[in-house]
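Asker: Please work out how this folds:
(one chain, ligands or ions: 1)
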Amino acid sequence: LKKTIITVSLPMIFLLLPFVPSNRLAAQQPKNQDQEIAEKYVRSALTEQKGYKLLGEMCTMGPRLSGSANSIRVMRWAERKMKELGFNRVWMQPVMVPHWVRGDVEKAEISKSRGFNGRALNVASLGGSIGTDPAGITAGVLEVHSFEELKSAGSRANGKIIFFNRPMDIGEINTFRAYGEAVNQRTQGAIEASRAGGVGAIVRSVTTRYDNVPHVGVMYYNDSIPKVPSVAIGLEDADFLSEALKCDPQLQVHLTLDCKTLPDTQSYNLIGEITGSEKPDEIVLVGGHFDCWDKGQGAQDDGAGCMQSMEVLDLFHRLNIRPKRTIRCVFFINEENGTRGGEYYGQYADTTGFEHVAAIESDRGAATPRGFTVHGDSLVLEKIRGWLPVLQNAGIDWVRSGHGGTDISRIKEAIAQIGYVPDGQRYFDYHHSDNDVFATVDPREFELGAASMAVLVYLISEYGL
Ligand SMILES: [Zn+2]
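Answerer: Sure, this is the predicted structure:
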């Protein structure tokens, strides 16, 4: 195997070499002064906790669901803050976004059962779901753990509410992988339920925490298949319903929802920047998504990423460091249920005369820093890896090849798309639920995230990629 790799790859290297700009081959070792600057970023972040305080203020203002009036109100607040912090340019970029509203009623209870009649189930409409008519729907329940199991149920699914009850694999150390393996019940459950002849979907919450809080999130429909309502259910009630079905397979569930989708509405990306002193047309972008679900406060997902990004720019001001390249903070709108903000920004990036050297996204919560994932060529990866001794000042342990982030993936021309990766063990305890509140954010962990991104932004701004 080794032999083949050598014979294939050597000629390729010679082919590629003449096209690689020579400055990118020169090894640029971090200098001693970079270590000192990194220590200053960390110290300032940990002692002043400015981004953390801003997150606390933002979280008191209520959730920021795409299309909601409150999301605009909070964005105006963020715009004011960016101006107060003295960014050189602050502007809002108009984007049309989907407008789904939860409504006031989301109720499920067991009916037509001797043992369990009237027992309420803790559910929450999934984002994008249709409602029921005001009287609700009443139907028997078919529990399944996979789409294959649903298919093999055949006519038993007819007229039923399909209960998707496959748990997230809590034995998997990588919680994002475990989430990815369970989440199709939520995103595709209504489609598969309807295809099988079902009239609704109840989906076991995709979470690592055992409580009774429903965890919501986006769900999809297929235009060629009738739409059926879809809800998430808390884990305790999911287990209760499963046990109840064993005792009484004939029980029914009465489901009433008044969520609905309104016409698309006007919203915005919010952008603030510090102009570069030497290469103002080269952008180093750092950002997160501004919208969140309407449960909890969107503190971890993704208020934290936004306020960390804002603090990155403020750290340059606080330390009186003028970046060589322009540093731009972007709050993308509508990551949760449409990615319209990211798409719009990507198109804008392609058509302006600026070059995006790098785009960094923080959208994995506010926990202790672990590393950065880099989507870019191997030279870029090696260059960023070479900065590890500096990044370690902020607690970064590794730099790996990997996905940068949902919103920044739309910035095709960026030399590197980089994902900030904090520890992931607690993230899905909170994700998309009433559990996602400011009290779960630790100030030191949050601030080390802001500092680690600031150090990376500084190095890219100084040396390029
Ligand atoms: Zn997010």
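
Asker: Need the pLDDT of the nearest residue to Q297 once chain neighbours are set aside.
Answerer: Spatially, and ignoring its direct neighbours in sequence, Q297 is nearest to C59 (4.1 Å; Cβ to Cβ, 6 or more residues apart in numbering). In short, each C-beta sits where N, CA and C put it, glycine included. C59 is assigned a pLDDT of 98 by the prediction.

Asker: Confirm for me that C59 is in contact with F438.
Answerer: Yes - using Cβ atoms under 8 Å, C59 makes contact with F438 at a distance of 4.0 Å.

Asker: pLDDT at N32, what is it?
Answerer: In this model, N32 is scored at 83, pLDDT.

Asker: Which positions in the helix or strand containing G449 come out as buried?
Answerer: If you go by DSSP states H and E, G449 is part of helix 443-463. For helix 443-463, burial by neighbour count (16 or more other Cβ atoms under 10 Å) applies to 443, 445-463.

Asker: List the buried residues in the host helix or strand of I202.
Answerer: If you go by DSSP H and E, I202 is part of strand 200-204. The neighbour-count check on strand 200-204 (16+ other Cβ under 10 Å) flags 200-204 as buried.

Asker: does L381 really touch G404, like I thought?
Answerer: No - contact criterion Cβ under 8 Å: L381 and G404 do not qualify, at 11.9 Å.

Asker: More neighbours: which of those two?
Answerer: G404 (23 against 19; other Cβ atoms under 10 Å).

Asker: separation between the more buried one and the ion?
Answerer: Using Cβ to the ion, to the nearest Å, we find G404 at a distance of 14 Å from the ion.

Asker: Surely that residue and S362 touch.
Answerer: No - using Cβ under 8 Å, G404 is not in contact with S362; the gap is 10.9 Å.

Asker: Parallel or antiparallel, list what pairs with the strand or helix carrying I327.
Answerer: Per DSSP H and E: I327 is located in strand 325-332. Next to strand 325-332 in the sheet, as set by DSSP bridges, lie strand 260-274 (antiparallel), strand 279-289 (parallel).

Asker: Buried deepest among those, which one?
Answerer: Greatest average neighbour count among the strands paired with strand 325-332 goes to strand 279-289 (a mean of 24), per mean count of other Cβ atoms under 10 Å.

Asker: Just checking, which helix or strand succeeds that strand along the chain?
Answerer: Counting by DSSP H and E, the next helix or strand C-terminal to strand 279-289 is helix 304-318.

Asker: Please tell me how far the closest residue to A366 other than its chain neighbours sits from the ion.
Answerer: Leaving out its chain neighbours, the residue that sits closest to A366 by Cβ to Cβ, 6+ apart is A304, at 3.7 Å. In this structure, A304 and the ion are 10 Å apart, going by Cβ to the ion.

Asker: now Y41
Answerer: For Y41 relative to the ion (Cβ to the ion), the value is 24 Å.

Asker: So that residue, which state does it fall into?
Answerer: Counting by DSSP: H, G, I helix; E, B strand; the rest coil, the backbone at Y41 sits in helix.

Asker: quick one: contacts for the residue nearest to N337 when sequence neighbours are not counted?
Answerer: In space, and not counting its chain neighbours, N337 is closest to V218: 4.6 Å by Cβ to Cβ, 6+ apart. Counting by Cβ atoms under 8 Å, 6 or more residues apart in numbering, V218 makes contact with 126-128, 186-187, 336-337.

Asker: try it again with 7 Å
Answerer: Shown in contact with V218 (Cβ atoms under 7 Å, 6 or more residues apart in numbering): 127-128, 187, 336-337.

Asker: okay, it: pLDDT?
Answerer: At V218, pLDDT is 98.

Asker: gap between it and G127?
Answerer: 5 Å (Cβ to Cβ, to the nearest Å).

Asker: which neighbours do those two share?
Answerer: Joint contacts of V218 and G127 (Cβ under 7 Å, 6+ apart) are 336-337.

Asker: Quick one: name the residues of the chain near the ion.
Answerer: 301-302, 363 (Cβ under 5 Å from the ion).

Asker: By neighbour count, which of the residues you listed wins?
Answerer: In the residues of the chain next to the ion, the most neighbours by other Cβ under 10 Å go to D302, 30 neighbours.

Asker: Helix or strand for Y420, just tell me which one.
Answerer: Using DSSP H and E, Y420 sits in strand 416-422.
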